[in-house]
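>>> 3D model of this:
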Amino acid sequence: MRHPPAGLPADVDQSQFERVLNNAARLAVVGIGFAVLLTVLQAGQVFLAPVTLAIVVGLMFGPVADRVESWSVPPALSAGVVVLLLLTVIAGFATLFAVPLSEWVARAPLIWEKLQAQLANLREPLESIGQFQEQLTSVLGTDGAMSVQVEDASTVTGVAMLAPAALAQVAIFLASLYFFVATRDHIRTSVLSMCVTRRMRWRTAHVFRDVELKVSRFLLSVTLINLCVGTAVSIAMWVIGMPSPLLWGAMAAVLNYIPYVGQAIMVTVLIAVGLGTQTELWQILLPVACYAGINFVEGQIFTPHFIGRSLTLNPFIIFLSITFWIWAWGPVGGLVAVPTLLIAQSVIAHALPSKPVAPRTPVRRTRQMSDRDELLANAAQAIAEKRRDEDSEARRQEREEPPQGTGPTGVEPSTS
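So this is what the prediction gives:
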């Protein structure tokens, strides 16, 4: 059997087809694992979604529990205080929603009639779409037209069937939140005790610290910002004469927990309400303009100032995370999307630490250079320095090593 020369990797003797086949097999295993993970997430939504949300909320209220425990309060009692505090906050928002929401529900038939009148202007474009559908059907050679079938189902029956599952998820969430807050120190100690090396314990302890710090700081800061946004939206809606300003402020504060998607939902609701209650175009768009202005100021000034650049994430990654978790778990997934990114970022940063790309001779920044240009220039400088070091090291080894077959013994080394 022919073996590769010493110092070369073991797979150098393999053919190109074998290497491609091995890489494809590894990728297939990763793909199968990812598919199994998606299946487990969706199949276990009733249990996994409330437990994950409880962990995220528990990390948010961790500093509150630590503060209560500093007054010689046992962890079991401090966890109860956290749960009661959360229920109080939820009850407060429910009170803000209840009265004005009931008024809008009573006005829903009138708003729907006015929306139908507004949408009647779109009849001609819809008829043209129908004609295009008929032409497309004739071209494709299919006789049947697209149809929509509405099943006859009672709303009350559907709500009655969903109520037990919703109550079960709420119970799982509250129980998980209580036990997580009460035993969070014991969980940390148990995980650290399973680390066999000192380096692993050090990295795991830093993961716990960063996760608690980042998630708690992010959620508390976002909660403060959202309360300010809700207050500003309520005041703006009251100034322009929008009915039920407290409802729109509370809705804006809650939806602001879900980046991008929450703002889109709020704009859609305001446009629908404007179409159903106003007649002039400027009256329809004025609430949307006020909300968009407040949201722009919040996103460009307050969020970077309070949260800081250290907790900023790539917007594309945030969008992918939100869409993935909403697809998997619905509204609960939208709430845990960004905190799970922060947790994953902390775990990856300590499990796979990377060295900063910094050259020995940094590039001098000019007035025309932005932060991104300076970062790219320094990265290119570091790569060029590393390449020069590797080339000089290779030339040094060539000078020190004698040519093959000219060693002291004059005997050719065996390659078998």
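>>> can you pull the contacts of the closest residue in space to A377 that isn't next to it in sequence?
The spatial neighbour of A377 that comes closest, neighbours along the chain excluded (CB to CB, 6 or more residues apart in numbering), is V363 at 4.2 Å. Glycine gets a C-beta too; all of them are placed from N, C-alpha and C. By CB atoms under 8 Å, 6 or more residues apart in numbering, the residues touching V363 are 374, 377-378, 381.
>>> out of these, which are inside strands?
Among the contacts of V363, DSSP state E puts none in strands.
>>> Need those in JSON lines (columns: distance to V254 and neighbour count).
Output for those, formatted as JSON lines (distance: CB to CB, whole Å; neighbours: other CB atoms under 10 Å):
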{"residue": "E374", "distance to V254": "40", "neighbour count": "15"}
{"residue": "A377", "distance to V254": "44", "neighbour count": "17"}
{"residue": "N378", "distance to V254": "43", "neighbour count": "18"}
{"residue": "Q381", "distance to V254": "48", "neighbour count": "17"}
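>>> Tell me, please, the helix or strand in this structure that averages the lowest pLDDT.
Least confident helix or strand, the chain: helix 123-140 with a mean of 58, by mean pLDDT, DSSP states H and E.
>>> circling back to that earlier point, quickly note the distance from the residue nearest to A377 to V338.
In this structure, V363 and V338 are separated by 34 Å, where distance is defined by CB to CB, to the nearest Å.
>>> and if you look at T183?
Applying CB to CB, the value for T183 to V338 is 25 Å.
>>> I235 now?
Distance of I235 to V338, given as CB to CB: 27 Å.
>>> Check A328 too.
A328 is 15 Å from V338, by CB to CB.
>>> Who has more neighbours out of these two?
The neighbour count for A328 versus V338, taken as other CB atoms under 10 Å, is higher for V338 (24 against 17).
>>> Find the residue closest to that one in space, skipping its chain neighbours.
Closest residue to V338 in three dimensions, ignoring its sequence neighbours and counting by CB to CB, 6+ apart: I318, at 6.3 Å.
>>> how close does that neighbour get to V30?
Here the criterion is CB to CB. By it, I318 lies 24 Å from V30.
>>> For the two, work out which one has more neighbours and name it.
For the pair I318 and V30, the greater number of neighbours falls to I318 (16 against 10), based on other CB under 10 Å.
>>> Pull the residues that contact stretch 85-94.
Contact partners of stretch 85-94, identified using CB under 8 Å, 6+ apart, comprise 57, 61, 64, 177, 250, 253-254.
>>> Could you pick out which of those are located in strands?
When the contacts of stretch 85-94 are checked against strands (DSSP E), there are no matches.
>>> quick check, nearest of those to S346?
V57 (17.6 Å; CB to CB).
>>> quick one: the helices in the stretch 101-250 of the chain?
Listed in chain order, the helices of the stretch 101-250 of the chain (DSSP state H, counting those that start in this stretch) span residues 108-119, 123-140, 155-182, 184-193, 198-239, 245-255.
>>> With mean neighbour count and distance to S392 added, can I get those in TSV?
As requested, the helices of the stretch 101-250 of the chain are exported to TSV (neighbours: other CB atoms under 10 Å; distance: least, CB to CB, whole Å):
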stretch	mean neighbour count	distance to S392
helix 108-119	12	73
helix 123-140	10	67
helix 155-182	14	55
helix 184-193	13	44
helix 198-239	17	33
helix 245-255	22	58
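>>> just for the stretch 151-300 of the chain, where's the confidence low?
Applying pLDDT under 70 to the stretch 151-300 of the chain flags residues 151-163.
>>> go again using 50 as the cut-off
151-153, 155 (pLDDT under 50).
>>> Next one: the residue nearest to I187 when sequence neighbours are not counted from V73, what distance?
Distances taken as CB to CB, 6+ apart place F180 nearest to I187, at 7.6 Å, with adjacent residues excluded. In this structure, F180 lies at 17 Å from V73, with CB to CB as the measure.
>>> Tell me the gap between the helix or strand hosting V40 and the middle of its chain.
The secondary structure element spanning V40 is helix 16-43 (assigned by DSSP states H and E). Relative to the mean C-alpha coordinate of its chain, helix 16-43 is positioned 24 Å out (CA atoms, centre = their mean, to the nearest Å).
>>> Who are the packing partners of that helix?
On a contact count with 3 or more CB pairs under 8 Å, 6 or more residues apart in numbering; DSSP states H and E, helix 16-43 meets helix 315-329.
>>> Could you list the buried residues of the helix or strand following the helix it packs on?
Remark: after helix 315-329, the chain's next helix or strand is helix 331-351, criterion DSSP H and E. Buried residues in helix 331-351, counted by 16 or more other CB atoms under 10 Å: 332-343, 345-346, 350.
>>> of all these, which comes closest to L41?
Of all these, G333 has the smallest distance to L41: 9.1 Å, by CB to CB.
>>> so who does the closest residue to L285 other than its chain neighbours touch?
Nearest residue to L285, sequence neighbours excluded (CB to CB, 6+ apart): G274, at 7.0 Å. Applying CB under 8 Å, 6+ apart, one finds that G274 lies in contact with 283-288.
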